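Task: produce atomic coordinates for the following.
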Amino acid sequence: MAIDFNQPCTKVIPPTKLAHIVLRTGKFEQMVSFYKTFLGAEATYENSFISFLTYDEEHHRIAIISVPGTGLKQRELAGLEHIAFTFDSLETLCLAYRQRKAKGILPIWSVNHGPTTSIYYQDPDGNQIETQVDNFDTVAAADEFMASKEFAENPIGVDFDPEDLIKKLEQEQDQTLLKKRPNIGPRALDTVPPPPPISV
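Numbering: from 1, shown residues only. Purely as a prediction, here's the structure:
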């Protein structure tokens, strides 16, 4: 049946998925090396100024382009705050954290937001990357938490130490309880730790 391209609508058709992110950089070699290591990614195509990286069935998830004259990131300007990658369990989230740590990539913030348990990093250009695991088994359960009074007074979350979380996982503590965010009362945005300075 042919599609009626003139049909009225109240909502635009959403895309089926988010395909990729493209990053413009003046630190091409550093950025490509970082993302290959950080994501366990490989280049599907790469030359002296562009790299297409993938870690799954998509032909590329991250593209990095070297553009002459690109300056340093300015945090006070509007723009993309971070990109996020989901892991399927606390164990894989923490294993990836340990593997990155062994390669000299350390997190800048670890926080249980409530809907997710998240570990944040920063790339050589100062772009932030969230690695996360969903804390609820269903979207409906996550939505219910995000509609709660507890989330309204603290949409930021509760900080945690990944090494402490690993100890609890090694002790085989209940993951449902480990994912449950402690209720610490109100928390404001200005309590989020500032990102480290961007190296030149």
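
Show me how the record splits this structure into domains.
Split into domains by automatic domain parsing, the chain comes to 17-67, 81-194.

now the strands for the chain?
21-25, 42-46, 50-54, 62-66, 82-87, 109-112, 116-122, 128-134, 158-159 (DSSP state E).

And the contacts of the fifth one?
With C-beta atoms under 8 Å, 6 or more residues apart in numbering as the test, strand 82-87 has contacts from 21, 39, 93, 96, 118, 120, 127-134. C-beta here means a position set from N, CA and C on the backbone, and glycine is covered the same way.

Touching, Leu39 and His60? I think so.
No: taking contacts as C-beta atoms under 8 Å, Leu39 lies outside contact range of His60: 11.2 Å.

Low-confidence regions, the protein specifically.
Applying pLDDT under 70 to the chain flags no residue at all.

if we can go back for a sec, which pair in the contacts of strand 82-87 spans the largest distance?
Asn127 and Asp134 (22.8 Å; C-beta to C-beta).

who has more neighbours, those two?
Between Asn127 and Asp134, Asn127 has the larger neighbour count (other C-beta atoms under 10 Å), namely 21 against 17.

Between Leu39 and His60, which contacts overlap?
Counting by C-beta under 8 Å, 6+ apart, the shared contacts of Leu39 and His60 are Leu53.

leaving aside the residues next to it on the chain, what's closest to Thr117?
Val133 (5.2 Å; C-beta to C-beta, 6 or more residues apart in numbering).

CSV please, covering the domains of the chain and showing distance to Asn6.
Below are the domains of the chain laid out as CSV (distance: least, C-beta to C-beta, whole Å):
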stretch, distance to Asn6
domain 17-67, 27
domain 81-194, 33
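
so which of the ones you listed gets nearest Gln74?
Among the domains of the chain, the nearest to Gln74 by C-beta to C-beta is domain 81-194 (9.1 Å).

What residues are bridge-paired with the closest residue to His60 other than its chain neighbours?
Nearest residue to His60, sequence neighbours excluded (C-beta to C-beta, 6+ apart): Phe52, at 3.8 Å. Counting by DSSP bridges, Phe52 forms beta bridges with Tyr45, Ala63.

ok, and the closest non-adjacent residue to Glu58?
Ala19 is the one closest to Glu58 (C-beta to C-beta, 6+ apart), at 6.5 Å.

For Glu163, see how far away Ala96 is.
Distance, Ala96 to Glu163, by C-beta to C-beta, to the nearest Å: 14 Å.

quick one: which of those two has more around it?
Under the neighbour definition other C-beta under 10 Å, Ala96 and Glu163 were set side by side, and Ala96 has more, 18 against 12.

I'd assumed Ile129 was in contact with that one.
No: the criterion here is C-beta under 8 Å, and Ala96 misses it with Ile129 at 11.4 Å.

residues contacting Ile119?
Ile119 touches 93, 97, 107, 109-110, 130-132, 162, counting by C-beta under 8 Å, 6+ apart.

who wins for neighbours among these?
The most crowded member of the contacts of Ile119, judged by other C-beta under 10 Å, is Thr131 (24 neighbours).

With that, I have no additional questions.
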